[in-house]
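Visitor: Next comes the sequence, and after it the predicted model I'd like to discuss.
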Amino acid sequence: MLQAFSFSKQERLRKRSEYLYLSGSGRKFHTEHFIIVRSGEVTGQTRLGITVSRKVGKAVVRNRIKRLVREYYRLHKKLFGGADYNLIAKKGADKLLFSDICQELDKVLIQIASRMKC
């Protein structure tokens, strides 16, 4: 049971080369506060990377956004279908509450899942 709510090393994009490959070959989806890059191939293993640049805010703000996105991923793993994802925060993401992040990402991930099944 605890395994289902974890965020292990196997579920993370960790190397710069993985981020570069994903940004070059992945498909981008835009929301008001995030860019979601999803790999084209389904690997069965979902991996997540989170990118928050200094344009968004200082270190405390960037770390808060990453913490909230990781928590969202932990609680909503089923929406991420066995592929690699990179969630990139845009300016203004620092103002979001956890519930706002949930609503925004729920909406776009459901759209992505429906598009990828076609």
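Guide: Now that the structure is in, tell me what you want to look at. Numbers count the residues shown, from 1 in each chain.

Visitor: pLDDT below threshold where in the protein?
Guide: Residues of the chain meeting the criterion pLDDT under 70: 1-4, 117-118.

Visitor: And the helices in this protein, which stretches?
Guide: With DSSP state H as the criterion, the chain has helices at 16-25, 59-75, 98-117.

Visitor: Can you say which of those is nearest to residue 49?
Guide: helix 16-25 (5.8 Å; CB to CB). Every residue, glycine included, has its C-beta placed from N, CA and C.

Visitor: Would you mark the buried spots in that closest one?
Guide: Across helix 16-25, burial judged by 16 or more other CB atoms under 10 Å covers 18, 19, 22.

Visitor: What distance do you get for the last one to residue 103?
Guide: As for residue 22, its distance to residue 103 is 25 Å (criterion: CB to CB, to the nearest Å).

Visitor: thinking again about what came up before, now render the buried residues of helix 16-25 as JSON lines, adding distance to residue 91.
Guide: Formatted as JSON lines, the buried residues of helix 16-25 follow (distance: CB to CB, whole Å):
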{"residue": "18", "distance to residue 91": "25"}
{"residue": "19", "distance to residue 91": "20"}
{"residue": "22", "distance to residue 91": "22"}
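
Visitor: Between these, which sits nearest residue 81?
Guide: residue 22 (15.1 Å).

Visitor: burial count for the closest residue to residue 83 other than its chain neighbours?
Guide: Nearest non-adjacent residue to residue 83, counting by CB to CB, 6 or more residues apart in numbering: residue 39, 4.8 Å away. Using other CB atoms under 10 Å, the number of residues around residue 39 comes to 19.

Visitor: got a list of what residue 39 touches?
Guide: Shown in contact with residue 39 (CB atoms under 8 Å, 6 or more residues apart in numbering): 22, 25, 26, 27, 83, 84, 85.
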